[in-house]
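Engineer: Give me a model of this one.
(one chain, ligands or ions: 1)
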Amino acid sequence: MLRLENVRKTFLYKNAKGKESTKVAVDNMNLRIDDGEIFGLLGPNGAGKTTIIKMLTMLSRPTKGNIYYGKLNTRNDAQAIKKLIGVVPQHINFDQDLTVGENMQLHGRLHHMPRKDREQCISEMLRYVELSERVNDSVRALSGGMKRRLLIVRALMHKPSILFLDEPTVALDPQVRRRIWDLIRKMHKAGVTIVLTTHYIEEAEALCDRVAIINKGKLIALDTPKALQEKIGSYAVEWDKENGEREFKIFHSKEQAKAFANNLSQQNILRRRSNLEDVFVELTGRKVNS
Ligand SMILES: Nc1ncnc2c1ncn2[C@@H]1O[C@H](COP(=O)(O)OP(=O)(O)OP(=O)(O)O)[C@@H](O)[C@H]1O
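Structural biologist: Now for the predicted structure:
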């Protein structure tokens, strides 16, 4: 089990006038992630998701508060925790001058894997993501989707029990995105706990057992996508505003939604089930991708 207790992260920076200011990136966060979950951190750009992942994976220290892996604390037990976790960063960070196999070798060596284990693991992992035939190709020659798949299995080489993925499908087309989702599900089935960040609502809905909605460094909701959606109300009515934008309202009963829709004089009225996007807009007043 992974636990954040009163975690806060601030950054000092110089504002436009050159004056030193403090940015609160993560504000008093309390969170528990259970073994075996696919857990999603959902929020718009700048919400604090990457900062949280960096603290969880010990690339950055909390300004205040503590992060526990069971009884291990990231402040004192970094070496032991590193063996438990795998990290898939947001930006592709292979050595582009090396081949696929050489990049995997490098990662295995950094994790002190014996040569024999390394060789076996690399061929197993490349087979897993159908990249065996590319082992001697330069990483540069791979497509974006292939690089992402390779990034994921590279993080699994030392057999971590928790895998962190920061925006695993950012900038990928829908077909490639689905393939990455299948890979994440496959790893989860194999027993790996998954923690991912996303600003794609569909990704959180498709993959996550539970979702934490983060806005401006704060945790504003935490539950299963279905429970979050039921809490705000399961029925939505939407319509065109005068400026052409869509507006919506959420209701707890179908009858209320129907009565409201019947009394509307606006154009293009639609009744539908509510979704996670509605939850986000209701709670934050913002669209997730704005
Ligand atoms: N090193 C830093 N110095 C100053 N401010 C920072 C630093 N790192 C992050 N921030 C600020 O902290 C806030 C949270 O940033 P973070 O990258 O965690 O957001 P995010 O939710 O991951 O966004 P994105 O989806 O764009 O990656 C932002 O306002 C960001 O500008």
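Engineer: How about the contacts made by residue 196?
Structural biologist: 38-41, 164-166, 168, 184, 203, 207-208 (Cβ atoms under 8 Å, 6 or more residues apart in numbering). To be clear about C-beta, it is placed using only N, CA and C from the backbone, and glycine gets the same treatment.
Engineer: Quick check on the closest residue to it other than its chain neighbours: phi, psi?
Structural biologist: Leaving aside its sequence neighbours, residue 196 sits nearest to residue 165 (Cβ to Cβ, 6 or more residues apart in numbering; 4.2 Å). When read as degrees, to the nearest 10, the backbone of residue 165 gives phi -130, psi 120.
Engineer: burial measure for residue 165, as a count.
Structural biologist: Residue 165: 27 surrounding residues under other Cβ atoms under 10 Å.
Engineer: How about residues contacting stretch 230-243?
Structural biologist: Taking contacts as Cβ under 8 Å, 6+ apart, the residues outside stretch 230-243 that touch it are 223, 246-254, 256-257, 260-261, 264, 266-275, 278-279, 282-283.
Engineer: Could you list which of these also contact the ligand?
Structural biologist: Among those, no residue sits close to the ligand (Cβ under 6 Å from any ligand atom).
Engineer: thinking again about what came up before, pull up the gap between the residue nearest to residue 196 and residue 269, please.
Structural biologist: 39 Å (Cβ to Cβ, to the nearest Å).
Engineer: now residue 253
Structural biologist: Residue 253 sits 18 Å away from residue 269, going by Cβ to Cβ.
Engineer: quick one: which of these two has more around it?
Structural biologist: residue 269 (14 against 11).
Engineer: Quick check: closest non-adjacent residue to that one.
Structural biologist: Sequence neighbours aside, residue 239 is the residue nearest to residue 269 in space, at 4.7 Å (criterion: Cβ to Cβ, 6+ apart).
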